[in-house]
Every structure is written in C-alpha cells, then in structure tokens.
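# Sequence isn't available, so here's the structure alone:
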C-alpha cells in the first residue's frame, strides 16, 4: 500500500491520540487504582491500561493498517511494518499512583511526527517531524530551547547498565555540575518535552539505544525538531547504537555535560 499521508496529517493523529490518553489519565487521578505487577519493581495501573486503549482507538480509526507497539499491550501488527506507532500511555506511573501530577502521555510514529501530552496542564507538545510546537487553549506556539533555567533533569531510576563507567549520581556530584547547573528528578520523560520548550537546560538518562523506546521516542523527536542537541551518553547519535540520552538545549550545554560524563 502506498503511503499517501502527509506529515501534518500524521501529527494530527498523534495529537488526537495523546489527548485521548491524557483525558483518561486526568479522569483517573486521585482514585484508588489496582496495581498490576510487571516485575522488577515496575507496575501498571488501570489508568495505564485504559489510556492505552483510548490511544489505540484513535490510531485504529484513523490508521487501521499501521502497526502499534504499546507499553502495556505490546506489539500489534507486523513487526516489520513500514509504519509503527510507539505508545507510552502514562510515563511516570509511580508519580501518578502516589498523587504527583508529573506524568506524560507519549505517542510517536517511528521516524515521524510525535506528541507528548501533559494531562494536568492541558499542554500538548508536538512535532510534524520538521517543526516543534506546543498547543494549549487552542493556540500553537513554537518550542524554543534555552539553557537559561540551568535546570538539568537526570533519570535516577534503575537499572544502571553502564555503571561504573557512567553513574548519574556521579554527574550530580561533579564540581562543574554543581557550579553550573541545578539538578531535578522528574521521573517522567515529560522532562524531554521541557528541554524542547526551554523549561529545562538538559535531560540525561542511562539506558540502551532508546531511539525506538515507547518511553523516549516522542520526546527525542520533539527535541530534535526544536533544534536541541541529542546524543547517547557516549556522544554518538541516537539510533546508531548510542546508549542512553543526553538532550541539551544548545551545543555549549551538551559539550559541558559530555565533558563530565566522558572526561578526556
């Protein structure tokens, strides 16, 4: 089948899907939700599952031939499909479960448009693969990265696959980091959208190649489209085997962080 969809049309689908998930997440907030154990200390809630169903309903109704990889439901459609949606219906489940309003709903077409919704502010950060904007109250505003806040969000959740070579806790204690930045731990990839929007100077996480991760794909796409510098913790391009993510508002901030992560 020939793909006749435009980037803007796919971006509209990503936005609609992320909004549908966000509405479910917002509606379930504060309720007692049963936890579904996923092992290794990870779990999902009924809100995760319901939000993913709402997102899938949008994708199925608009892109019935596309494959989907969901955080909760796994792969739907062919593994080698040319079009695959990556869905994380509630990034920050532990935050949500304990009553903290710092979560994200992530929807990305692999290699294309993406959207990240904040269920509690009503913001939807999105990209058509070329530009990056935020939609709120019916208005679209371009995303403008800046390091002015000096806030760097660092993911401290285990596992730590590259320890002892790289430990996020070591970065936080580095004298240059202490002198230049202020750490934050949001525990949600909403922080990647905040880098693109200028609310964070950078975001750092350990991990494998995260380019096709349901958790990270949407945020990485936003940061790239907004003009951020995005690499792995080894400085290699994301998607070429570079592990983890270092997303910085500008080249200077990225270079400074890399000098602490990978000192010469």
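Thanks, I have it. Please read all numbers here as calculations on a predicted model, not as lab measurements.
# For residue 242, list the residues it contacts.
With contact set as Cβ atoms under 8 Å, 6 or more residues apart in numbering, residue 242 has these partners: 209, 231-236. Using the backbone N, CA and C atoms, a C-beta is placed for each residue, glycine as well.
# Just the buried ones from these?
Those of those that meet the buried threshold are 209, 231-234, by 16 or more other Cβ atoms under 10 Å.
# Just the ones of these in strands?
Members of the buried ones among the contacts of residue 242 lying in strands (criterion: DSSP state E): residue 231.
# can you count the residues close to residue 93?
24 (other Cβ atoms under 10 Å).
# So it versus residue 28, what's the distance?
The spacing between residue 93 and residue 28, counted by Cβ to Cβ, to the nearest Å, is 11 Å.
# Name the residues contacting each of the two.
Common neighbours of residue 93 and residue 28 (Cβ under 8 Å, 6+ apart) are residue 45.
# Residue 199: which of the buried ones among the contacts of residue 242 is nearest?
residue 231 (20.5 Å; Cβ to Cβ).
# Surely that closest one is in contact with residue 241?
No - judged on Cβ atoms under 8 Å, residue 231 makes no contact with residue 241 at a distance of 11.3 Å.
# And the helices in the stretch 101-250 of the chain, which stretches?
For the stretch 101-250 of the chain, applying DSSP state H, counting those that start in this stretch gives helices covering 168-173, 175-180, 190-197, 217-226.
# looking at the ones you listed, which is closest to residue 109?
That would be, of the helices of the stretch 101-250 of the chain and by Cβ to Cβ, helix 217-226, which comes in at 8.7 Å.
# which of the helices of the stretch 101-250 of the chain sits most buried?
helix 190-197 (a mean of 29; mean count of other Cβ atoms under 10 Å).
# what is the mean pLDDT for that helix?
Mean pLDDT, computed over helix 190-197, is 98.
# now do stretch 161-177
92.
# Give me the contacts around that stretch.
152, 154-156, 160, 183, 204-208, 233, 243-244, 256-257, 259-261.
# Could you single out the nearest of the buried ones among the contacts of residue 242 to residue 249?
Nearest to residue 249 among those, with distances taken as Cβ to Cβ, is residue 231, at 13.6 Å.
# Would you mind measuring from the closest one to residue 83?
Distance from residue 231 to residue 83, by Cβ to Cβ: 26 Å.
# now do residue 110
8 Å.
# With residue 176 instead?
The spacing between residue 176 and residue 83, counted by Cβ to Cβ, is 43 Å.
# and if you look at residue 104?
23 Å.
# With neighbour numbers in mind, choose between the two.
Set side by side, residue 104 and residue 83 show more neighbours around residue 104, with 30 against 19, by other Cβ under 10 Å.
# Which strand residues bridge the more buried one?
With DSSP bridges as the criterion, residue 104 is bridged to residue 91.
# OK, contacts around it?
Counting by Cβ under 8 Å, 6+ apart, the residues that residue 104 touches are 88, 90-92, 116-118, 188-190, 193, 219.
# mind redoing it with 6 Å?
91, 116, 188-190 (Cβ atoms under 6 Å, 6 or more residues apart in numbering).
# so where is the stretch 151-264 of the chain shaky, pLDDT-wise?
For the stretch 151-264 of the chain, applying pLDDT under 70 flags the ranges 264.
# rewinding a little: now the helices of the stretch 101-250 of the chain in CSV, please, with extra columns for distance to residue 32.
Output for the helices of the stretch 101-250 of the chain, formatted as CSV (distance: least, Cβ to Cβ, whole Å):
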stretch, distance to residue 32
helix 168-173, 33
helix 175-180, 40
helix 190-197, 24
helix 217-226, 29
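# Looks to me like residue 85 is in a helix.
No - counting by DSSP: H, G, I helix; E, B strand; the rest coil, residue 85 is not part of a helix but strand.
# Name all residues that make contact with it.
Residue 85 neighbours (Cβ under 6 Å, 6+ apart): 59, 66, 68, 109.
# again, but for residue 222
Listed by Cβ under 6 Å, 6+ apart, the contact partners of residue 222 are 125, 127, 132, 193, 196.
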